[in-house]
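Q: this one's sequence-less:
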């Protein structure tokens, strides 16, 4: 299993760079991953989505789809695409330190 050093922490990732051990994540890591993805600053809405993603993952074993995010996270689908322009569910999952959601390509 590959590892990667992000924000001074060594974390386990898969071949696509998604965390395999979500417990290794922290907010400093999220900030660095966001910057790598072109997000200069994580706003309160970004954090709302990231926290929702993590909560859903730990409750259900997978991250939510964009549709579920738009209906239940408190952020609309349109806003999700503004916050995470390279694909909300996949991009948010990576920044949130969870495995890639089922159904994401």
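A: Ah, there it is. Just so it is clear, the model here is predicted, and its values are computed rather than measured.
Q: tell me where the chain has helices.
A: 27-36, 44-60, 66-72, 77-83, 88-96 (DSSP state H).
Q: most packed of the ones you listed?
A: Among these, ranked by average contacts under mean count of other CB atoms under 10 Å, first place goes to helix 88-96 (a mean of 25). C-beta coordinates here come from the backbone N, C-alpha and C atoms, glycine included.
Q: on that earlier part again, among the helices of the chain, which comes closest to residue 4?
A: Nearest of the helices of the chain to residue 4, taken as CB to CB: helix 27-36 at 9.9 Å.
Q: pLDDT of that closest one, averaged?
A: Averaging pLDDT along helix 27-36 yields 97.
Q: repeat for stretch 61-72
A: Averaging pLDDT along stretch 61-72 gives 90.
Q: tell me the contacts of residue 50?
A: 30, 42, 92, 95, 96 (CB atoms under 8 Å, 6 or more residues apart in numbering).
Q: quick check, nearest of these to residue 82?
A: Relative to residue 82, the closest of the contacts of residue 50 is residue 92; by CB to CB it sits at 12.3 Å.
Q: tabulate the helices of the chain (JSON lines), appending distance to residue 10.
A: Shown next, in JSON lines, are the helices of the chain (distance: least, CB to CB, whole Å):
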{"stretch": "helix 27-36", "distance to residue 10": "11"}
{"stretch": "helix 44-60", "distance to residue 10": "20"}
{"stretch": "helix 66-72", "distance to residue 10": "29"}
{"stretch": "helix 77-83", "distance to residue 10": "28"}
{"stretch": "helix 88-96", "distance to residue 10": "17"}
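Q: quick one, which of those helices is nearest to residue 5?
A: helix 27-36 (10.0 Å).
Q: what's the closest one packed up against?
A: strand 3-6, strand 9-12, helix 88-96 (3 or more CB pairs under 8 Å, 6 or more residues apart in numbering; DSSP states H and E).
Q: quick one: it to helix 88-96, angle?
A: Per axes from the mean of the first three to the mean of the last three CA atoms, to 10 degrees, the angle that helix 27-36 makes with helix 88-96 is 130 degrees.
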